[in-house]
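Peer 1: sequence below, structure please.
(one chain, ligands or ions: 1)
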Amino acid sequence: MNPYWLEDAKLPRAAPKHDGRVDVAIVGAGITGCSAALRLAERGLSVRVHDQRGVAEGASGRNGGFALRGGASRYDIARETYGREQATELWHWTERALDRMSELSRDSLRRTGSLRLAADAEEREEIRIEFEAMREDGIDAEWIDAPLEGRFHGAILHAEDGALQPARFVRRLAARAADAGAEIREHDRVDDVTALDAEQVVVATDGYGHGLVAELADLVWPTRGQVIVSAPLDEVLYDKPHYARQGFDYWQQLPDRRLLLGGFRDVSIMDELTDVEETTPTIQASLERFMGELIGAEPTITHRWAGIFGLTQDMLPLVGRVPGRANVWAAGGYSGHGNVLGFACGELVADAILGDMSSPQLRLFDPARFF
Ligand SMILES: Cc1cc2nc3c(=O)[nH]c(=O)nc-3n(C[C@H](O)[C@H](O)[C@H](O)COP(=O)(O)OP(=O)(O)OC[C@H]3O[C@@H](n4cnc5c(N)ncnc54)[C@H](O)[C@@H]3O)c2cc1C
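Peer 2: Numbering: from 1, shown residues only. Now for the predicted structure:
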């Protein structure tokens, strides 16, 4: 297993240290934990981040690199489930988060747009409904009738979405957080959040760390995703992230012309409800077959890996205080859609700790909805 993104050279980072008790301890140095650390340290709080691995070595360095606005559900379903106002607000909130990511990203985020494809006539109907709902509610989207020379049955172009080098982005966030005074302790596993020497604790472990907070164990289910990357192709076939079949399949061509492809979780969906970070022959074979179709030739695979993300029952994250615990906060459960949401929710939980509870997202994502 060799996640392509993690081969990127690590950035130099300051190494501030705090003696004794800190204002906030964060468990998890992925996009959520680093985003929260940056926000809190910039506001003058003392912060210590603990990760059992290195920065970005969880899902944040193992994902598809899609930087998409919105939630994990289709827009029309989100609107139906929690109302127009909440749904539009959520979409616009993530659009603003993407813009802030662009400002921080330097060369780790390209605003290429993304293409949400329909694999068959039925899916075309579904995404057409989504597209109409977005247009009705003033959310920018473009309809493409016969994308990729008619190989797919329609698509929504989200022009402002992006392609992220997620490990590079998160390492940059970590470096910024360290510059602002956050201590980052890598290879430092936390087994008991009550033993941390901190006034407040943020659990930012998404699909990893299952059971660390017992109350959340049944609410965020560890789920495995698998990815392959090819050797560089001769030409650029895909100029932006593409995804089809309800997002089960996703691919993008990287700046060095390699093709990254992930998905096919539905081939053995129950087996993939696991936190075992291993690739499997069944899904790898499906990925290879489909990559062959996408490039019109037998692919040469150079990288394969698995990663774990946290799935929730309603596909919405959990962000807020853990009910019944005075000083433990959670931010995670992005249901496979955590690049932009994770960044935004890291800031959101930090703002809540700083006393700003005004965001409507805090009500929507409140872990108390499951208690
Ligand atoms: C294969 C795959 C493809 C994906 N593709 C996309 C995509 O294209 N676009 C998108 O938006 N989202 C995607 N996602 C989801 C996205 O990667 C995650 O939602 C996001 O990275 C979560 O970030 P995080 O910081 O919350 O968690 P993570 O990045 O998973 O970080 C959690 C950290 O917690 C640490 N940790 C856990 N337990 C402990 C402990 N006890 N003590 C100390 N440290 C601990 C882990 O080591 C880990 O580093 C994908 C996920 C996977 C797995």
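
Peer 1: I figured Glu298 was touching Gly292, is that so?
Peer 2: Yes: checked against CB atoms under 8 Å, the pair Glu298 and Gly292 is within contact range at 5.9 Å. Yep, even glycine has a C-beta here, placed from its N, CA and C like the rest.

Peer 1: more crowded one of those two?
Peer 2: Gly292 (13 against 8; other CB atoms under 10 Å).

Peer 1: show me what contacts the more buried one?
Peer 2: 298-299 (CB atoms under 8 Å, 6 or more residues apart in numbering).

Peer 1: surely it is within a strand?
Peer 2: No: looking at Gly292 with DSSP: H, G, I helix; E, B strand; the rest coil, it is helix, so not inside a strand.

Peer 1: burial count for Arg53?
Peer 2: Based on other CB under 10 Å, the number of other residues close to Arg53 is 16.

Peer 1: surely it and His187 touch.
Peer 2: Yes: shown here, Arg53 and His187 form a contact pair, counting by CB under 8 Å, at 6.8 Å.

Peer 1: show me what from the stretch 1-150 of the chain comes close to the ligand.
Peer 2: Neighbours of the ligand within the stretch 1-150 of the chain, by CB under 6 Å from any ligand atom: 27-33, 50-53, 57-60, 62-66, 68.

Peer 1: next up, phi/psi of Leu164, please.
Peer 2: With angles defined as degrees, to the nearest 10, Leu164 sits at phi -110, psi 140.

Peer 1: any idea what the nearest residue to it once chain neighbours are set aside is bridged to?
Peer 2: Nearest non-adjacent residue to Leu164, counting by CB to CB, 6 or more residues apart in numbering: Ala67, 4.3 Å away. Going by DSSP bridges, Ala67 is paired in beta bridges with Gly162.

Peer 1: am I right that Glu95 is in a helix?
Peer 2: Yes: counting by three-state DSSP, Glu95 is located in a helix.

Peer 1: who's in contact with it?
Peer 2: 69, 160 are the contacts of Glu95 under CB under 8 Å, 6+ apart.

Peer 1: again, 10 Å this time
Peer 2: 69-70, 139-140, 158, 160-161, 340 (CB atoms under 10 Å, 6 or more residues apart in numbering).

Peer 1: write out the residues of the stretch 151-300 of the chain neighbouring the ligand.
Peer 2: So far as CB under 6 Å from any ligand atom goes, the stretch 151-300 of the chain lies against the ligand at 189-190, 204-209, 212, 225, 227, 262.

Peer 1: lowest-confidence entry in these?
Peer 2: Lowest pLDDT of those: Gly209, 88.

Peer 1: quick one: contacts for that one?
Peer 2: Counted by CB under 10 Å, 6+ apart, Gly209 has contacts 27-28, 51-52, 58, 189-190, 193, 203, 216-217, 220, 222, 275, 308, 310, 332.

Peer 1: same check on Val47?
Peer 2: Taking CB under 10 Å, 6+ apart as the test, what Val47 contacts is 16, 18, 22-26, 33, 36-41, 177-178, 180-184, 198, 200, 202, 350.

Peer 1: then Asp137?
Peer 2: Neighbour list for Asp137: 75-76, 79, 84-85, 87-88, 91-92 [criterion: CB under 10 Å, 6+ apart].

Peer 1: for these, which one is nearest Pro166?
Peer 2: Trp91 (21.2 Å; CB to CB).

Peer 1: give me the residue from the stretch 201-350 of the chain nearest the ligand.
Peer 2: Nearest residue of the stretch 201-350 of the chain to the ligand: Gly338, at 2.0 Å (CB to the nearest ligand atom).

Peer 1: distance of that residue relative to Lys17?
Peer 2: 29 Å (CB to CB, to the nearest Å).

Peer 1: repeat for Ala97
Peer 2: Look at Ala97 and Lys17: by CB to CB, they are 30 Å apart.

Peer 1: the two - which one has more neighbours?
Peer 2: Applying other CB under 10 Å to Ala97 and Lys17 shows that Ala97 carries more neighbours, namely 23 against 8.

Peer 1: check the gap between the more buried one and the ligand for me.
Peer 2: Distance, Ala97 to the ligand, by CB to the nearest ligand atom, to the nearest Å: 11 Å.

Peer 1: pLDDT wise, what is that residue at?
Peer 2: 98.

Peer 1: show me what contacts it?
Peer 2: Counting by CB under 10 Å, 6+ apart, Ala97 has contacts 35, 67, 69, 339-348.

Peer 1: Ala56 is in what secondary structure piece?
Peer 2: Ala56 belongs to no helix or strand when assigned by DSSP states H and E.

Peer 1: one step back: narrow the contacts of Ala97 to those in strands?
Peer 2: Counting by DSSP state E, these place Ala67 in strands.

Peer 1: reformat the contacts of Ala97 as TSV; add pLDDT and distance to Gln246.
Peer 2: Formatted as TSV, the contacts of Ala97 follow (pLDDT from 0 to 100; distance: CB to CB, whole Å):
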residue	pLDDT	distance to Gln246
Ser35	98	27
Ala67	98	19
Arg69	98	17
Asn339	98	18
Val340	98	19
Leu341	98	17
Gly342	98	21
Phe343	98	23
Ala344	98	23
Cys345	99	23
Gly346	98	27
Glu347	98	28
Leu348	98	26
